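> With the input below, show me the fold.
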Amino acid sequence: MKKNVLLLVVLATFFTAFVSCSKDDSQTSQVRVRLVDAAGDYDEVNIDVQDIMMNVGNEENGRQSLGNVVPQVYNLLELTGGIDALLVDTEIPAGKLSQIRLVLGKNNSIVVDGKTFPLATPSAQQSGLKLNVHQDLVGGVAYTFILDFIVDKSIVVKGNGTYSLKPTIRVATEATSGAISGMVNPFEYQVEVSAVSETKEAITTLTNEKGKFMLHGVPTGTYTLTFTPDKASGLNAKTVEGVTVALGENTAMGTVELE
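Numbers count the residues shown, from 1 in each chain. Below is the predicted model of the structure:
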């Protein structure tokens, strides 16, 4: 009995250490998906968006639901002139993003001359519309994916007076920020890291137990970084000027030595 308890304790300790290590080493990217439309010659084109799925990393991972998409019917013809619909805003693991899948429900319809007709979308309902992206997502960087629904090419008029949906969607990727990462030494005490520029608000984070830090979603520009250690450490604060951030890139500072 004692041996079993000891084994459980050892396994629990190993699992906790594994999870902690995995969490420390993981990096995420902020992802937003927006829906826009190229205008079509109809009264309304209503699309029932149920979910957004993405393939990130190795193919074995498969596609995964982002899980926080609120199902909603969108009239595509309202998404013009700078208006868009934010479908999802979340964080996903950094890495190779191969596909985005737009999953539609059953409530798709079109209004022509004041009359409403259903839009048949069998393949989209079952597995989602497969949109190839092939984008490398850098940890700490924010990305916006624009799904441009080209209505005129997406509506099929059948001979019997009915309509079906064969979506034609153009995908554009925008890296909307950069990131700053590095490590502080010594790392026994937590350090506040703050990035400030002349035109933007301060972006602040804390180091983890290994002294690592990452400032996520940093707009492009040149920053002054201030490292403020815990008072109990007896270490002095340090300032590093001229840290530049570019779109879609992680500015790696290496190790910052505190004294």
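
> How about the backbone phi and psi for L77?
Per-residue torsions, L77: phi -70, psi -10 (degrees, to the nearest 10).

> Would you quantify the distance from it to I100?
22 Å (CB to CB, to the nearest Å). Every C-beta, even on glycine, is put in place using the N, C-alpha and C of the backbone.

> Equivalent analysis for D152, please.
Taking CB to CB, one finds D152 at 22 Å from I100.

> So P93 versus Q190, what's the distance?
Noted for P93: a distance of 25 Å to Q190, by CB to CB.

> Show the contacting residues for the closest residue in space to F187 that isn't next to it in sequence.
Excluding its sequence neighbours, the residue lying closest to F187 (CB to CB, 6 or more residues apart in numbering) is G211, at 2.6 Å. Residues in contact with G211 (CB atoms under 8 Å, 6 or more residues apart in numbering) are M183, V184, N185, P186, F187, V191.

> Report the buried residues of stretch 228-242.
By neighbour count with 16 or more other CB atoms under 10 Å, stretch 228-242 contains the buried residues T228, P229, L235, K238.

> Need the pLDDT of the last one.
Reading off the per-residue confidence, K238 sits at a pLDDT of 97.

> in what helix or strand does the closest residue to it other than its chain neighbours lie?
Among residues not flanking K238 along the chain, F227 sits closest, at 4.6 Å (CB to CB, 6+ apart). Element membership of F227 [criterion: DSSP states H and E] is strand 221-229.

> again with K210
Counting by DSSP H and E, there is no helix or strand that carries K210.

> Was I right to think it contacts E188?
No. Assessed by CB atoms under 8 Å, K210 is found out of contact with E188, at 10.5 Å.

> re the thing from before, more neighbours, D152 and I100?
I100 (26 against 12; other CB atoms under 10 Å).

> Would you mind measuring from D113 to D43?
Note on D113: its distance to D43, by CB to CB, is 7 Å.

> neighbour-wise, which of these two wins?
More crowded of D113 and D43, by other CB under 10 Å: D43, with 14 against 6.

> E78 is in contact with the more buried one, correct?
No. In this structure, D43 is not within contact of E78 by CB under 8 Å, at 11.3 Å.

> Next one: the closest residue to D152 other than its chain neighbours from L131, what distance?
Leaving out its chain neighbours, the residue that sits closest to D152 by CB to CB, 6+ apart is G40, at 4.9 Å. Remark: distance between G40 and L131 (CB to CB) = 19 Å.

> one step back: what's the distance between the strand holding F227 and the middle of its chain?
Relative to its parent chain, strand 221-229 has a centroid offset of 25 Å by CA atoms, centre = their mean, to the nearest Å.

> same check, this time on stretch 144-152
Stretch 144-152 sits 17 Å away from the centroid of its parent chain (CA atoms, centre = their mean).

> would you say G159 is within a strand?
No. G159 is assigned coil when assessed by DSSP: H, G, I helix; E, B strand; the rest coil, not a strand.

> Any idea how many residues pack against the residue nearest to K238?
Counted with other CB under 10 Å, F227 comes out at 21.

> Can you name the residues that contact it?
Counting by CB under 8 Å, 6+ apart, F227 makes contact with V184, V191, E192, V193, A237, K238, T239, V240, V256, L258.

> Closest to I52 out of the residues you listed?
Distances from I52 to those, taken as CB to CB, are shortest for V193 (32.4 Å).

> Which helix or strand contains the closest one?
Secondary structure from DSSP H and E places V193 in strand 191-196.

> Show me what secondary structure element comes after that strand.
Note on strand 191-196: by DSSP H and E, the next helix or strand toward the C-terminus is strand 203-206.

> hmm, who's touching that following strand?
Contacts with strand 203-206, where a contact means CB under 8 Å, 6+ apart, come from Q190, V191, E192, V193, S194, A195, F213, M214, L215, H216, G217, V218.
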